[in-house]
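Undergrad: let me see the structure of the following:
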Amino acid sequence: MLVLPPEIRNAIVRRAREGRPREICGVFGGKYEKTGRSIVRSQYPAENVAETPRTRYRIDPEEQLEIFERLEDRGEEIVGFYHSHPRGPPRPSKTDAASATWPDRSYLIVSLEPFEIGSWRWRASDDGDGRFEREDVVLE
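TA: Predicted coordinates for the structure are as follows:
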């Protein structure tokens, strides 16, 4: 379960709409609980540096490291990541699965057409593959 404050949800949706037709992306900070519940306390927008930003997202590794250091300085944990799909689909793509690297963390997607917000946990497997599992998003 991903617990998301409404003001953070609204900020991400607004940014996704303003960023259209490019995908937007960022990192969630907060409290990661091994019980399966993650509480978002902050979001850190990042620049999308993908070669094809209309259909892919990529956070610059140096910017990602800076975000991780800010999280640590604030006593937060990496809860997960978010990005938008300006023209759908409202679920992770094959590219999203191929680039997922943080086991048990949330990957929230804002789809604009059709409008839908969903979140998935990345589950790594012993064979080196993995899969996304849909999770509940609770506004709190």
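
Undergrad: the most far-flung residue of the chain relative to its centre and K94: what is the separation?
TA: When distances are taken from the C-alpha mean of the chain, D127 lies farthest, 24.2 Å away, according to Cα atoms, centre = their mean. D127 is 17 Å from K94, where distance means Cβ to Cβ, to the nearest Å. Yep, even glycine has a C-beta here, placed from its N, CA and C like the rest.

Undergrad: any idea how far I59 is from R37?
TA: The value you get for I59 to R37, if Cβ to Cβ is used, is 25 Å.

Undergrad: those two - which one has more neighbours?
TA: I59 (21 against 14; other Cβ atoms under 10 Å).

Undergrad: quick check: closest non-adjacent residue to that one.
TA: A46 (4.4 Å; Cβ to Cβ, 6 or more residues apart in numbering).

Undergrad: you'd agree that neighbour is up against E23?
TA: No - contact criterion Cβ atoms under 8 Å: A46 and E23 do not qualify, at 11.1 Å.

Undergrad: just the buried positions in the helix or strand of the chain with the lowest mean pLDDT, please.
TA: Lowest by mean pLDDT, DSSP states H and E among the helices and strands of the chain is helix 94-99, with a mean of 90. Neighbour-count burial for helix 94-99 flags D96 (criterion: 16 or more other Cβ atoms under 10 Å).

Undergrad: same for that helix, what does it pack against?
TA: strand 130-135 (3 or more Cβ pairs under 8 Å, 6 or more residues apart in numbering; DSSP states H and E).

Undergrad: right, I'll call it a day here.
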